[in-house]
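Colleague: here is my input, please return the structure:
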Amino acid sequence: MEALATEIRRRLGPTLEQSDWPLVSIVVLNRNGVEHLSRLFAGLVEHTDYPELEVILVDNGSSDESLDFARSLEAPFPISTLANTENESFSDANNQGAKLASGELLLFLNNDVEPFEPGWLRELVACLAETSAGAAAATLLCRDDEHVRNFEHGYGVQHRGLSFVEEDGRLHAELRGWEDDPLDAALGEDLECDALAAACLLIERTTFEQVGGFTSGYFYGCEDVDLCLKLRSTGRRVVCSGRSIAIHHPVSTRRTIPFEQARETKLANQRLLWEHWGPRLTGCGPQCS
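Modeller: I've put the predicted structure just below:
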């Protein structure tokens, strides 16, 4: 990863320098993910050069050592924990974390994301400010074993935003950029999208509050698309940064759920999204509102 990080920064050039960076409150959800947390916090401590951040860990009833690990961790930034007794939904748990945040900016960050290029958070904050977007997300990479093809540095693109694709008369969101080379011509390009995955999504706290945060009722699926549609219904754009790059070890938790249960949950989330947004999703693209 070090060689890839070096090459990415060489091609992008130096990160933006400024005297005052807003406080970023990073909200991380976790359930029995101590190994993910170990990797995530190593990336935040060793491979993140952002000067003002805090982490709020919302734990959803873990039975492993997650809370002990987080509470004993020594880091150059504050870490607070909220321990739920049950596995709350992605929407509800992230909303809980957002209420505890002190920062002007909220970063919703999956526990299975791994920062590896030190400038990633500066670049994401700069992208949100420079594009005046309602939300900005990082470009996410995943290992070659997730892809059909192999890449020079062992990682291909997983996420450059989401695009709506029609299937059986309905639109659903698909990953944009899947199987792209992370060092291709899109590196460094900020892309306006139909929606964004919330694995690494940055938003102003006031904007998040104005649209009511994440909508309750979803269970680990479609809540990020719903949030983006709420933002776009107010005339705000959503943008994927081409300069903020992180690694995602995707859907690590959902892959432990039995297939039929996962399928039923996915269908229920899609039905709820369609109930909320169906008429507006018809023919919906980057300009819909």
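
Colleague: burial measure for residue 178, as a count.
Modeller: For residue 178, the neighbour count with other Cβ atoms under 10 Å is 15. Heads up, the C-betas are built off the backbone N, CA and C, glycines and all.

Colleague: so it makes contact with residue 162?
Modeller: No. Here residue 178 lies out of contact with residue 162, judged by Cβ atoms under 8 Å, at a distance of 10.6 Å.

Colleague: residues making contact with the longest helix anywhere in the chain?
Modeller: As assigned by DSSP state H, the longest helix anywhere in the chain is helix 259-281. The contact list for helix 259-281, computed with Cβ atoms under 8 Å, 6 or more residues apart in numbering, reads 164, 170-172, 215, 217-223, 225-226, 229, 233, 254, 257, 288.

Colleague: work out the gap between whichever strand in the chain runs longest and the centre of the chain.
Modeller: In the chain, with assignment by DSSP state E, the single longest strand is strand 238-248. Counting by Cα atoms, centre = their mean, to the nearest Å, strand 238-248 is centred 9 Å from the centre of its parent chain.

Colleague: same deal with stretch 228-238?
Modeller: Distance of stretch 228-238 from its chain centroid, counting by Cα atoms, centre = their mean, is 17 Å.

Colleague: tell me which residues of it come out buried.
Modeller: Neighbour counts using 16 or more other Cβ atoms under 10 Å place 228-232, 236-238 of stretch 228-238 among the buried residues.

Colleague: columns pLDDT, distance to residue 132 and secondary structure on top of those residues, output as TSV?
Modeller: Formatted as TSV, these follow (pLDDT from 0 to 100; distance: Cβ to Cβ, whole Å; DSSP: H, G, I helix; E, B strand; the rest coil):
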residue	pLDDT	distance to residue 132	secondary structure
228	97	16	helix
229	96	18	helix
230	97	17	helix
231	98	12	helix
232	96	14	helix
236	97	8	coil
237	97	8	coil
238	98	12	strand
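
Colleague: low-confidence ranges in the protein?
Modeller: Applying pLDDT under 70 to the chain picks out residues 169, 251-257, 280, 282-289.

Colleague: that one: helices as residue ranges?
Modeller: Going by DSSP H, the chain shows helices at 2-12, 34-46, 66-72, 90-99, 120-131, 205-210, 223-233, 259-281.

Colleague: quick one, which of those is nearest to residue 243?
Modeller: Smallest distance to residue 243 across the helices of the chain (Cβ to Cβ): 4.1 Å, for helix 120-131.

Colleague: mind listing residues that contact that closest one?
Modeller: By Cβ under 8 Å, 6+ apart, the surrounding residues in contact with helix 120-131 are 12, 15-16, 21-22, 24, 47-50, 53, 105, 107, 115, 133, 135-138, 190, 200, 202-204, 237, 239, 241, 243-246.
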